[in-house]
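Trainee: model this:
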Amino acid sequence: MKSTSRRLHAFLLAAGLAAASAGCTMYGRAQLVSSTPPPPPARVISVEPRPGYAYIQGRWDLEGGRWVWRDGYWIRQRTGYVYDQGYWDRRGSGYVWVEGRWEPQRSGHVYVPGHWQVSGGRQIWVRGHWRPAYRETERRGAYRY
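Mentor: Sure, this is the predicted structure:
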């Protein structure tokens, strides 16, 4: 059993290295791209909350050497979890798509969703994060993030 497991791990590692060196796009897995993903399209999309659902934001995918926009969509909410949006992360000289994931809710904390922010004339992705929940008597006014 251990021998089969080791062979499988060795095969998967070799296949991953071969695909990376060939410049292959692997959907659902990490892909390193050398060009900068474009900012989100300059359009306003009104996303009305749907009870029991979470909205997965649109994203850019590299397809045949060209960036292609994929629209967002709704997915059923998982009880006790919040959805942390996927994002393109700078790694070395390229970018890697980090898939979104369900994060378990944390007692005494509030989840601040990831969002686009303009900084120095460029749009950058600010990752979602947790902050302590405050009682109304402890903190007045809106929380800035």
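Trainee: what about the helices in the protein?
Mentor: 2-21 (DSSP state H).
Trainee: mind showing which ranges of it have poor pLDDT?
Mentor: Applying pLDDT under 70 to the chain flags the ranges 1-31, 43-47, 135-145.
Trainee: which residues in it form strands?
Mentor: All strands of the chain, identified by DSSP state E, fall at 32-33, 53-56, 59-63, 66-70, 73-76, 81-84, 87-91, 94-98, 101-104, 109-112, 115-119, 122-126, 129-132.
Trainee: out of those, flag the one nearest Pro41.
Mentor: The stretch from the strands of the chain with the least distance to Pro41 (Cβ to Cβ) is strand 66-70; that distance is 5.9 Å. Any C-beta I mention is one placed from the backbone N, CA and C, and that applies to glycine too.
Trainee: how about the closest one: buried residues?
Mentor: Using 16 or more other Cβ atoms under 10 Å as the test for burial, strand 66-70 gives no buried residues.
Trainee: what's the answer for stretch 71-83, then?
Mentor: Of all the residues in stretch 71-83, those buried under the rule 16+ other Cβ under 10 Å are Val82, Tyr83.
Trainee: span of that stretch from start to end?
Mentor: Separation of the first and last residues of stretch 71-83 by Cα to Cα, to the nearest Å is 17 Å.
Trainee: could the strands of the chain go into a markdown table alongside distance to Pro39?
Mentor: Putting those into a markdown table (distance: least, Cβ to Cβ, whole Å) gives the following:
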| stretch | distance to Pro39 |
| --- | --- |
| strand 32-33 | 15 |
| strand 53-56 | 18 |
| strand 59-63 | 9 |
| strand 66-70 | 11 |
| strand 73-76 | 20 |
| strand 81-84 | 20 |
| strand 87-91 | 11 |
| strand 94-98 | 13 |
| strand 101-104 | 23 |
| strand 109-112 | 21 |
| strand 115-119 | 8 |
| strand 122-126 | 4 |
| strand 129-132 | 21 |
